[in-house]
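> based on what follows, work out the 3D shape:
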Amino acid sequence: MKTTHMLALAAALSASAAAAQDKPTVPAPVVTNETIKPQPAAAIPSVTATSPDGSIVVTLATDGEGHASYAITRKGETIVAPSRLGFLFTDAPKLDRHLQIAKVTRGASDTRWTQPWGEWTTIRDNHSELRVHLQETSPPGRSLDVVFRIQNDGVGFRYEFPEQAGGKPVNIAEELTQFAFAADATAWWKPAFEWNREEYLYNRTPLRAVGTAATPITLKLASGTHVALHEAALIDYAGMAVAKVGDSNTLKAVLTPGSGAPKVTRTGPFTTPWRTLIIADDAPGLYMSHLELNLNEPNKLGDVSWVKPGKFVGVWWNMITGKWSWATGPKHGATTANVKTYIDFASANRIPGVLVEGWNVGWDGDWFGNGNAMQFDTPTPDFDAAALMRYAKAKGVYLIGHNETGGSASHYDSQLDRAFGYARDHGIPVVKTGYVTDAAEIERVDADGSQHREWHEGQWMVNHYLRVVTTAAKYHVSIDSHEPVKDTGLRRTYPNWVAREGSRGMEYNSWPGKNPPEHEANLIFTRMLEGPMDFTPGVLSLKGSDDSDLLSTEAKQLALYVVLYSPVVMAADTPEQYAKHMPAFQFIRDVPTDWSDTRVLNGEVGDYATIARKDRKSDDWYLGSVTDENARTLTVSLDFLEAGRRYTAQIYRDGPDADYRTDKRHAMTIETRAVKRGDTLSLPLAPGGGMAVRFVAAKK
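Numbers count the residues shown, from 1 in each chain. Below is the predicted model of the structure:
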């Protein structure tokens, strides 16, 4: 990209249509240019840039051999020591030495933009930019830019490649990017490149004990400073994992493989994803950062008023527990009669959506890893799609579709227009997609008929997921991806990408090897730093397959609606079970899924967290707090409430003897009290427990 990149970005932001709901509200940034004349590599030239408040300093330098490296300090503390930059290629010499700084461009920007939906209505993007043009001093004389965006709470950097001579492709074997953390740290991470994709529990280990890890990976340095390492704007590139380098605190980038030798092939000028480091004093500070979203391009879809956040119930949990089946036959769940029951329940309880899985032809037989029989516009004989569309509409409810590919991604590609045309014609605004197959087993079939096997986060699949999202947008359909590529903030650019799975969700609480009570407190400060997760909370029966017990209290199931964000969220239990737990179900009926403000009030990774959110459509606030296997009592200030306003706190908390390990897991106290800004609230959390509160604002 040109050195006028920041001016172009500012102009694009200023011209963004109001309908796009992603627009700046302050003047465009000022960009200054600084050019440094080439110097001998032995001179070890270096350049620095700081965050707007001066707390973070980034340095890029070259050493005597022309190796380029970067380093990051915050408030005088070295966070990342000098760390390697560069690339390996499959058909060219590596690019990492004989480099010198040829030119430097600096810029700054302070804008605000509006989200059409999300955890905050308005996002501030206040950053400085450093663009360093690196040039090889020996043949073949290549060049590239390294660009840093520095916010007060973190750093993003990426590589920008010029067009190659003769239009040749760039075939990347691996990045040489490293992250040399300057101190020992505790790391929360899950393994990458294993068979079960992203669906692993989080490890808590010393940084030196990390294996090959998926991102985000969250670190607590010896000083107490927290860092979350991830990536932003993953487009037409392989997803990044990280691996430890020797017996050190250094991590290196490891790109997800593809079916061919290069992990990434690009032609023409191109940019890599941003490598991101959110840096904060504590775990809540990580969650409050907007670095990931700000590093993505503004909304490209224009008017997205058709994207509708909302809750849904689903023909789903009975399949997870084994009572019903996705396949046709006597246990088939997606029948006209069953779906009508769910529509009636949703309508009676002001829940706008009903998810239906197993409605289409293709589920019979062994579909795991082989979804070539799936037809995404052909219902089974016992599913009357036209009648159900009319019935749902008359009840003020819409259906949510489900397209399970069984990993046959090319087969799905061939049906995308049919699938989303069918959804549009049947009043289906959201489609949940699935790619259930082992890692590295995605089926790709090229135009010549040749077959290949791809990884879920390899370059080819990264492009496939985006094809799905952009095709769905043509039909005003939103996408909830399961077995997805990781979230890297692309919901800003494509606001119909409303949610993803991408970690162990509620279904694991049904099966043997359940999620432990610390799992959600881990997710909040790891997986949830990516973006919305379709966790599917709300199993108030606390029962899984074979009548097994969930490792949760009933109050915690309510709190999950606040602490685990998704704009489309399921009430995952069945109508029959909710009928047995109506006092608790009232909170699920009330809680919204779209917010104007979010505050993380406290938290420690894997231990506990408390989050308050303000409803986008009213003046009400909601609070959720969860703990791990340990009972604890937290105290929070209600300073987030509006000054001078009275509120009624509707409290759903663990009972005095509640415990996830006993038959008292359902024990819950429901109470109300008057509160105001400045009050404090005690949060008594049982082992495996939680607390949910609705703060109803008094009318002015």
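> pull stretch 163-177 out as PDB, backbone CA atoms only.
C-alpha atoms of stretch 163-177 as PDB (Å, rounded to 0.1, in the frame of the first residue of the first chain):
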ATOM      1  CA  GLU A 163       3.700  -6.300  -6.600                       C
ATOM      2  CA  GLN A 164       6.500  -8.700  -7.700                       C
ATOM      3  CA  ALA A 165       8.400  -8.300 -10.900                       C
ATOM      4  CA  GLY A 166       6.600  -9.900 -13.800                       C
ATOM      5  CA  GLY A 167       3.500 -10.300 -11.600                       C
ATOM      6  CA  LYS A 168       5.000 -13.500 -10.100                       C
ATOM      7  CA  PRO A 169       3.200 -14.900  -7.000                       C
ATOM      8  CA  VAL A 170       4.600 -14.800  -3.600                       C
ATOM      9  CA  ASN A 171       4.700 -18.400  -2.100                       C
ATOM     10  CA  ILE A 172       5.200 -18.200   1.600                       C
ATOM     11  CA  ALA A 173       6.500 -21.300   3.400                       C
ATOM     12  CA  GLU A 174       6.500 -19.700   6.900                       C
ATOM     13  CA  GLU A 175       6.700 -16.400   8.700                       C
ATOM     14  CA  LEU A 176       9.800 -15.800  10.800                       C
ATOM     15  CA  THR A 177       7.800 -13.500  13.100                       C
END
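> centre of the chain to it, how far?
28 Å (CA atoms, centre = their mean, to the nearest Å).
> okay, strands next: where are they in the stretch 451-600 of the chain?
Counting by DSSP state E, counting those that start in this stretch, the stretch 451-600 of the chain has these strands, from start to end: 451-454, 478-481, 497-500, 568-571, 595-604.
> what packs against the last one?
Going back to what we said before, that points to strand 595-604. Strand 595-604 sits against helix 283-287, helix 519-524, strand 608-615, strand 632-637, with contacts defined as 3 or more CB pairs under 8 Å, 6 or more residues apart in numbering; DSSP states H and E. Yep, even glycine has a C-beta here, placed from its N, CA and C like the rest.
> report the angle between the axes of it and strand 632-637?
In terms of direction (axes from the mean of the first three to the mean of the last three CA atoms, to 10 degrees), strand 595-604 departs from strand 632-637 by 140 degrees.
> can you list the strands that strand 595-604 pairs with?
Sheet pairing of strand 595-604 (DSSP bridges) gives strand 608-615 (antiparallel).
> hang on, the earlier thing: got JSON lines for the strands of the stretch 451-600 of the chain, with mean pLDDT, mean neighbour count and distance to A698 too?
JSON lines is the format used below for these (pLDDT from 0 to 100; neighbours: other CB atoms under 10 Å; distance: least, CB to CB, whole Å):
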{"stretch": "strand 451-454", "mean pLDDT": "98", "mean neighbour count": "16", "distance to A698": "56"}
{"stretch": "strand 478-481", "mean pLDDT": "98", "mean neighbour count": "26", "distance to A698": "35"}
{"stretch": "strand 497-500", "mean pLDDT": "98", "mean neighbour count": "26", "distance to A698": "33"}
{"stretch": "strand 568-571", "mean pLDDT": "98", "mean neighbour count": "27", "distance to A698": "27"}
{"stretch": "strand 595-604", "mean pLDDT": "98", "mean neighbour count": "19", "distance to A698": "18"}
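> need the helices and strands packed on strand 595-604 in CSV (columns: mean neighbour count, mean pLDDT and distance to K308).
Formatted as CSV, the helices and strands packed on strand 595-604 follow (neighbours: other CB atoms under 10 Å; pLDDT from 0 to 100; distance: least, CB to CB, whole Å):
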stretch, mean neighbour count, mean pLDDT, distance to K308
helix 283-287, 23, 98, 25
helix 519-524, 26, 98, 25
strand 608-615, 25, 98, 16
strand 632-637, 14, 98, 32
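> among these, which is nearest V361?
Closest approach to V361 among the helices and strands packed on strand 595-604 (CB to CB): helix 519-524, 35.1 Å.
> could you say what helices and strands the closest one packs with?
helix 554-563, strand 595-604, strand 608-615, strand 621-627.
> what about 7 Å?
Helices and strands touching helix 519-524, by 3 or more CB pairs under 7 Å, 6 or more residues apart in numbering; DSSP states H and E, are helix 554-563, strand 608-615, strand 621-627.
> could the ones you listed be laid out in JSON lines, adding distance to A579?
Shown next, in JSON lines, are these (distance: least, CB to CB, whole Å):
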{"stretch": "helix 554-563", "distance to A579": "15"}
{"stretch": "strand 608-615", "distance to A579": "26"}
{"stretch": "strand 621-627", "distance to A579": "24"}
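> sorry, back to before: can I get the helices and strands packed on strand 595-604 in a markdown table including distance to A667?
A markdown table is the format used below for the helices and strands packed on strand 595-604 (distance: least, CB to CB, whole Å):
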| stretch | distance to A667 |
| --- | --- |
| helix 283-287 | 29 |
| helix 519-524 | 19 |
| strand 608-615 | 19 |
| strand 632-637 | 16 |
